[in-house]
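**Q** compute the structure for the input listed below.
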Amino acid sequence: MTDYLLAPSIIASDFAHIADEVAAIESAGADWIHVDVMDGHFVPTITIGPLFVQSLKRVAKLPLDAHLMISEPEKHIEAFAKAGINNITVHVETCPDLPHIIEKIKSLGCTAGVTLNPATPASSLEPALPLVDLVLVMSVVPGYSGQKFMPEMIAKVEEVHARLDALHSHAHIEVDGGIDEETLPLMKKAGANVFVAGNAVFKHPQGGAAGVRALKAVMG
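**A** Alright, predicted model coming up:
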């Protein structure tokens, strides 16, 4: 995979100035906008839903990449697809029948991804790997922004990369959690090509545009 993409996580932005925040990262060269959806059940935090996505879609030109950290995602994927999400990623821990939900996401006109918590082995992805467009490797425990990067997840990215290679798959490998100018190159070397960053972009001292440019500089 040679296309490296930056996906700023909108949850770290200033919602009171969301249009300005989006315009800044788009002008600086961001590739996707990552949308963290949390339900207060699968993870402790509650964030945003389809109504927010509808508003975001009105001001964003970039593809919207939703990470559903929610229980029973099959009940909600249609609403997110209709709201304007382009890629929907679900957790292996919440989907007893991964191939079925991957096919349902695709039937709604979205690309489909699957992710797993740090403690869940990469082998759990096997039933879905031939079908997915993206695998998201979490490098923090999902649920809270601003956590410290878990270096042991570098090996998991390498394992996922090897498993996808064995299938001759062109699926993206996305990483999320503590991604900044120091950790991004480590994940890139391990095989990741899509980098989610929240605080490193939107909490950059010079603003979101400067955060995007700084990460783009180390992406190569």
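
**Q** run through the protein and note the low-pLDDT ranges.
**A** 1-2, 144-146 (pLDDT under 70).

**Q** for it, longest helix please?
**A** Taking DSSP state H as the criterion, the chain has its longest helix at helix 153-166.

**Q** now that helix, how far from the chain's geometric center?
**A** Distance of helix 153-166 from the chain centroid (CA atoms, centre = their mean, to the nearest Å) equals 17 Å.

**Q** and the helix or strand just after that helix, which strands flank it?
**A** Going down the chain from helix 153-166, the next helix or strand is strand 172-176, by DSSP states H and E. Strand 172-176 pairs in its sheet with strand 134-138 (parallel), strand 194-197 (parallel), by DSSP bridges.

**Q** same question for stretch 200-209: list its buried residues.
**A** Across stretch 200-209, burial judged by 16 or more other CB atoms under 10 Å covers Ala200, Val201, Phe202, Lys203, His204, Gly207, Gly208, Ala209. To be clear about C-beta, it is placed using only N, CA and C from the backbone, and glycine gets the same treatment.

**Q** re the thing from before, which secondary structure elements does the longest helix of the chain contact?
**A** strand 134-138, strand 172-176, helix 184-190 (3 or more CB pairs under 8 Å, 6 or more residues apart in numbering; DSSP states H and E).

**Q** who touches stretch 56-69?
**A** Contact partners of stretch 56-69, identified using CB atoms under 8 Å, 6 or more residues apart in numbering, comprise 7, 10, 18-19, 22-23, 26, 30-39, 42-43, 53, 76-77, 80, 83-91, 113, 115, 136, 142-143, 174, 176, 196.

**Q** which of those residues fall in strands?
**A** Using DSSP state E, the subset of the contacts of stretch 56-69 located in strands is 7, 33-38, 87-91, 113, 115, 136, 174, 176, 196.

**Q** need the strands paired with strand 172-176 in CSV (columns: distance to Leu186 and mean neighbour count).
**A** CSV is the format used below for these (distance: least, CB to CB, whole Å; neighbours: other CB atoms under 10 Å):
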stretch, distance to Leu186, mean neighbour count
strand 134-138, 12, 25
strand 194-197, 11, 27
